[in-house]
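Asks: Fold the stuff below for me.
(4 chains)
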2 protein chains.
Amino acid sequence: MAIKSRDTSKTIQESIATTHVAALDVDMDAMAAISNVFRVSVLFHNQAEKRFLLQHKLSFSGFTVLWVLWVFGKMESYQLAEECGITKGTLTGIVSTLEKHGFAERRAHPSDGRRRLVRLTRKGDGLMKKLFPTINALEQEFVAGLKPAELVELSRMLRIILHSQDPVP
Amino acid sequence: MAIKSRDTSKTIQESIATTHVAALDVDMDAMAAISNVFRVSVLFHNQAEKRFLLQHKLSFSGFTVLWVLWVFGKMESYQLAEECGITKGTLTGIVSTLEKHGFAERRAHPSDGRRRLVRLTRKGDGLMKKLFPTINALEQEFVAGLKPAELVELSRMLRIILHSQDPVP
DNA sequence: ATCATATCGTTTGTTCCCTAACGAAATCAA
DNA sequence: TTGATTTCGTTAGGGAACAAACGATATGAT
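Replies: Now for the predicted structure:
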């Protein structure tokens, strides 16, 4: 059985791309880093959907919305959209889908007739209790090849990127 | 003027999430790492689309297809889809959009009547020559807060994750 | 030569995602 | 109090994403 963990070689795609743009004035290291962030992101997204989410009629986006509701409790739509990183128009569709499957519900705001409150149903809460550890296990599986110190270092570097892109108020 | 680079503190979202799941048996470091990979990915995607791509009637996916065509030359559809990490059905739609805007074109395969060859038009090639350095500049902007050695280390760790998820043939 | 199977690109149907426009409700001004 | 503006959530339209099914073509076996 071949040992495949701790393989740090370039992927095929990375190698070909590197060769092709070698003549241009390009920062290869920056390109490699961002490209690999994308690949990990897409890979995790697909794995999570196929292995755990779709069998519950849940898209990754739907799971994200449920997760935010689970962590923050009931929320108003515009906050929820902000937190999930999507627009309010998109959120309307996702919450409608979640409502159709009985995972979330909309309520009227007690004092403001324009606003709606979104919250988990009992069914949605139960689903999250079951699903969250599963997703976390997948996260562990993804980073299993990294040493503990490396893992912390990875998060730290990503945070540097995130903070550097913070909108200046 | 506040110095905001090299900020390695947890984001607000990370803090709240951490507190909420503290009681559960959860690997916080794995959760933080994957979550932050996602945030960087979404952030870059949105910035690239809004600042450089949409003005050319190009989606991020469309740009990806164009990029692969630019690097690999003309390709058959099924290879192109594979390389872009999307399904062939999705690729049909994207190539149709690219064709509509004159960036790419479909040709018949010389010997196999089922296959199609996709390639850049002159207009598409010119667009990539202009766009690629711009995107690379955004990549540099994103990782500007990292020291050169850290940047290399970041790519290395992401590759470990990618290779660990390689499908076993 | 014929029939069965496999492969390739497209189409179909659902969901997601955005921007832009809209109606309802709240707020503010005069 | 009336009228204008702002702030909500929803809707509309287009592109993107997937799986599944569908023709057309190629290839294989008999």
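Asks: Sticking with A:Arg106, tell me its helix or strand.
Replies: Per DSSP states H and E: A:Arg106 is located in strand A:104-108.
Asks: how about the residues of chain A that lie near DNA strand C?
Replies: Applying CB under 7 Å from any atom of the strand, we find that chain A lies next to DNA strand C at A:59-62, A:85-87, A:89-90, A:93-94, A:97, A:100, A:111-114. Glycine gets a C-beta too; all of them are placed from N, C-alpha and C.
Asks: can you do 6 Å?
Replies: A:59, A:61-62, A:86-87, A:89-90, A:93-94, A:97, A:112-114 (CB under 6 Å from any atom of the strand).
Asks: if we can go back for a sec, packing partners of whichever helix or strand comes after the strand holding A:Arg106?
Replies: For strand A:104-108, the following helix or strand on the C-terminal side (DSSP H and E) is strand A:116-120. If contacts are counted by 3 or more CB pairs under 8 Å, 6 or more residues apart in numbering or on different chains; DSSP states H and E, strand A:116-120 sits against helix A:60-72, strand A:75-76, helix A:77-84, strand A:104-108.
Asks: The longest one packs against which elements?
Replies: If I follow you right, that is helix A:60-72. Helix A:60-72 packs on helix A:28-48, helix A:77-84, helix A:88-100, strand A:104-108, strand A:116-120, helix A:122-143, helix B:12-20, going by 3+ CB pairs under 8 Å, 6+ apart.
Asks: Please identify the most buried of the ones you listed.
Replies: Stretch with highest mean neighbour count among these: helix A:28-48 (a mean of 20; mean count of other CB atoms under 10 Å in any protein chain shown).
Asks: picking up where we left off before, need the helices and strands packed on helix A:60-72 in CSV (columns: distance to B:Ala149).
Replies: Below are the helices and strands packed on helix A:60-72 laid out as CSV (distance: least, CB to CB, whole Å):
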stretch, distance to B:Ala149
helix A:28-48, 10
helix A:77-84, 35
helix A:88-100, 40
strand A:104-108, 46
strand A:116-120, 45
helix A:122-143, 21
helix B:12-20, 25
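Asks: now these in CSV, with mean pLDDT and distance to A:Glu153?
Replies: Formatted as CSV, the helices and strands packed on helix A:60-72 follow (pLDDT from 0 to 100; distance: least, CB to CB, whole Å):
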stretch, mean pLDDT, distance to A:Glu153
helix A:28-48, 91, 14
helix A:77-84, 89, 27
helix A:88-100, 94, 34
strand A:104-108, 93, 37
strand A:116-120, 94, 35
helix A:122-143, 92, 12
helix B:12-20, 69, 16
